[in-house]
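1. need a structure here:
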Amino acid sequence: MTSVGILGADGRMGRALIRRLADEADLELGAAVVPPGSERVGDDAGEVAGAGSAGIALIDGPREAARQCAVLIDFTLPEALDANLAAAVAEGVSLVIGTTGLNGSQQAAIQQASEVVPLVQAANYSSGITLMHRLVAMAAGALGEDYDVEIVEAHHRHKQDAPSGTALALGETAAAVRNVSLDTRGVRSRDGITGARQPGDIGFQTLRGGDIVGEHTVMLAGEGERIELTHRASSRDTFAMGALRAARWLMGQKPGLYNMEDVLGLRHSVR
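-> Predicted structure coming up:
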């Protein structure tokens with residue numbers, strides 16, 4: 001039985017992960033971490049997640065969780081990443097990273113940590129989104145710059161980063177296959193007299209409202225036709241199951257930075 005520590009246990013994804021763990025035969029909840037100073041410290045993690053008593057009290061220290069678990073799953077906020085990475089490295093445990101909105105220095109820290117422990121990082125742990133990246137790469141590469149790429153994403157009103165990490169990752173996929181930089185060709189806002197769309201730009205539109213779990217559409221629009229690739233998530237269980245699959249896959253892996261294509265065996269099997 002593999003012991004799993006949930007970082008961000010009182011968040012939407014943290015609660016979904018705790019509920020899913022209750023049904024896993026080979027994984028068990030070993031620790032559940034909330035932000036320092038949280039009023040929930042000491043509460044039963046299962047009861048907070050709506051899964052009944054788990055017999056695990058919420059704590060506010062990722063290092064303590066790392067001592068008790070074989071793998072940590074991090075769905076927190078960017079400001080918590082440094083402490084979570086440090087805990088995983090210090091205790092030599094695997095880490096699944098689902099936190100988005102990270103900056104360049106944080107990505108560099110993740111890369112450095114992956115030299116010591118195995119990490120999986122993904123902006124979205126849905127198996128469908130993982131496959132969608134391959135479809136976007138195929139379409140963007142085959143159609144070329146005559147087909148404009150626009151990405152529309154929608155999430156719940158509480159999401160704090162925009163565009164979503166998944167939308168940006170899909171943009172990176174399209175940019176990479178066209179040999180352009182998303183940093184210079186990505187267009188995140190349009191307002192007023194913007195002029196004509198520049199060839200090769202990759203546009204983003206962000207929608208926020210209600211309890212939308214996550215929707216992403218990549219549109220490739222040419223003269224006389226367009227292709228739309230859409231993924232809609234209706235439950236956070238989709239992401240929770242993917243993150244747990246990643247945690248299970250990490251066991252026995254060498255130090256390194258992996259993604260969901262590695263977890264699903266797609267990196268070399270799909271062209």
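
2. which stretches of this structure form strands?
-> In the chain, strands defined by DSSP state E lie at 2-7, 27-33, 71-74, 94-97, 118-121, 148-155, 186-187, 202-208, 214-222, 225-233, 256-258, listed in chain order.

3. from the chain's centre, how far out does the shortest one sit?
-> It refers to strand 186-187. 21 Å (Cα atoms, centre = their mean, to the nearest Å).

4. Show me what it is packed up against.
-> Counting by 3 or more Cβ pairs under 8 Å, 6 or more residues apart in numbering; DSSP states H and E, the packing neighbours recorded for strand 186-187 are helix 165-177, strand 202-208. For glycine as for every other residue, the C-beta is placed from the backbone atoms N, C-alpha and C.

5. Identify, by residue count, the longest helix of this protein.
-> Identified as the longest helix of the chain according to DSSP state H is helix 127-143.

6. then that helix to CSV, C-alphas only?
-> Provided in CSV are the C-alpha atoms of helix 127-143 (Å, rounded to 0.1, in the frame of the first residue of the first chain):
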residue,chain,number,x,y,z
SER,A,127,-6.2,11.8,-19.9
GLY,A,128,-8.4,13.5,-22.6
ILE,A,129,-6.4,16.8,-22.4
THR,A,130,-3.2,14.8,-22.7
LEU,A,131,-4.4,13.3,-25.9
MET,A,132,-5.7,16.7,-27.0
HIS,A,133,-2.2,18.0,-27.0
ARG,A,134,-1.3,15.4,-29.6
LEU,A,135,-4.3,16.3,-31.8
VAL,A,136,-3.4,20.0,-31.5
ALA,A,137,0.2,19.3,-32.6
MET,A,138,-1.0,17.3,-35.5
ALA,A,139,-3.5,19.9,-36.7
ALA,A,140,-1.3,22.9,-36.2
GLY,A,141,1.6,21.3,-37.9
ALA,A,142,-0.3,19.9,-40.8
LEU,A,143,-2.4,23.0,-41.5
